[in-house]
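Trainee: pasting the structure only:
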């Protein structure tokens, strides 16, 4: 597994802010991830106290948490102001703020729980980010999160690597890498969490063609945000070669597959 590349947070913030209004129409896999994580929240939702939703997006996970616990005090936070605004507009009973998962803008020990869905794959140092979660949790607090793992979009990334290798424009592919299950486990341990459940599962979507897949990724703001991405990453020649490799290798009767590895973790901060 290659190391996770540094993320350009300003570029990522712009990507997601620009797509806040269209996100829900295209984020079908992300909605499945919310349902998967939400199915494991009922016991946690009964715990009293303030809960933080990191990277709330348009508020789908916050909505699920409020369905389970209507009187729950909830803070929603996103790095993209457009997303924070959208979530707060849809959920007027919650408090909303902008913030970065790498440096949570809250005092230590103020939350009973932290939840997050489809966010931490964009963070380039999971141990530091999870340590931030532990910092803002009170003793005995819970952390429930889901992120995309290393097999996510492996078809697209493999086809792009082949295209770049075949093209004379670039020596290496600069596509985003995703964390492994072992890396997530190690990051939780480094932050001194007790892990109660950790597993991964695969979700697959089928598309008409490569442009259809790329349009969907763009509409949810999931464009490449690697800090050292070169100009010409999506040059015409590279795109043509990538499409050719993708079609030849992965096309099936159901269409063109795009796979997502979903890693789910339920963890707790030790009582002091």
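Mentor: Happy to help now that I have it. The structure presented is a predicted model; accordingly, all values stated were derived computationally and were not measured.
Trainee: and the residue lying closest to residue 128 once chain neighbours are set aside, how many neighbours does it have?
Mentor: Nearest residue to residue 128 in three dimensions, chain neighbours excluded: residue 102, at 6.6 Å (C-beta to C-beta, 6 or more residues apart in numbering). The C-beta positions use only the backbone N, C-alpha and C, and glycine is treated the same way. Using other C-beta atoms under 10 Å as the criterion, residue 102 is surrounded by 16 other residues.
Trainee: and residue 75, what helix or strand is that in?
Mentor: According to DSSP states H and E, residue 75 maps onto strand 74-78.
Trainee: Name the strands paired with that strand and say parallel or antiparallel.
Mentor: Listed by DSSP bridges, the sheet partners of strand 74-78 and their directions read strand 51-54 (parallel), strand 95-98 (parallel).
Trainee: Would you pull up how far it lies from the middle of the chain?
Mentor: Relative to the centre of its chain, strand 74-78 is centred 15 Å away, using C-alpha atoms, centre = their mean, to the nearest Å.
Trainee: for the helix or strand following that strand, packing partners?
Mentor: Sequence-wise, the next helix or strand downstream of strand 74-78 (DSSP H and E) is helix 81-90. Packed against helix 81-90 by the contact rule (3 or more C-beta pairs under 8 Å, 6 or more residues apart in numbering; DSSP states H and E) you find helix 9-18, strand 74-78, strand 95-98.
Trainee: just for this structure, where's the confidence low?
Mentor: For the chain, applying pLDDT under 70 flags the ranges 1-27, 168-175, 220-234.
Trainee: who's in contact with residue 199?
Mentor: For residue 199, the contacting residues are 263-264, by C-beta atoms under 8 Å, 6 or more residues apart in numbering.
Trainee: For it, give me phi and psi.
Mentor: Taking degrees, to the nearest 10, you get phi -150, psi 170 for the backbone angles of residue 199.
Trainee: give me the beta-bridge partners of it?
Mentor: Per DSSP bridges, the residues bridged to residue 199 are residue 264.
Trainee: Against residue 128, how distant is it?
Mentor: Using C-beta to C-beta, to the nearest Å, residue 199 is found at 24 Å from residue 128.
Trainee: quick revisit: dump the strands paired with strand 74-78 to TSV, plus distance to residue 107.
Mentor: Shown next, in TSV, are the strands paired with strand 74-78 (distance: least, C-beta to C-beta, whole Å):
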stretch	distance to residue 107
strand 51-54	12
strand 95-98	13
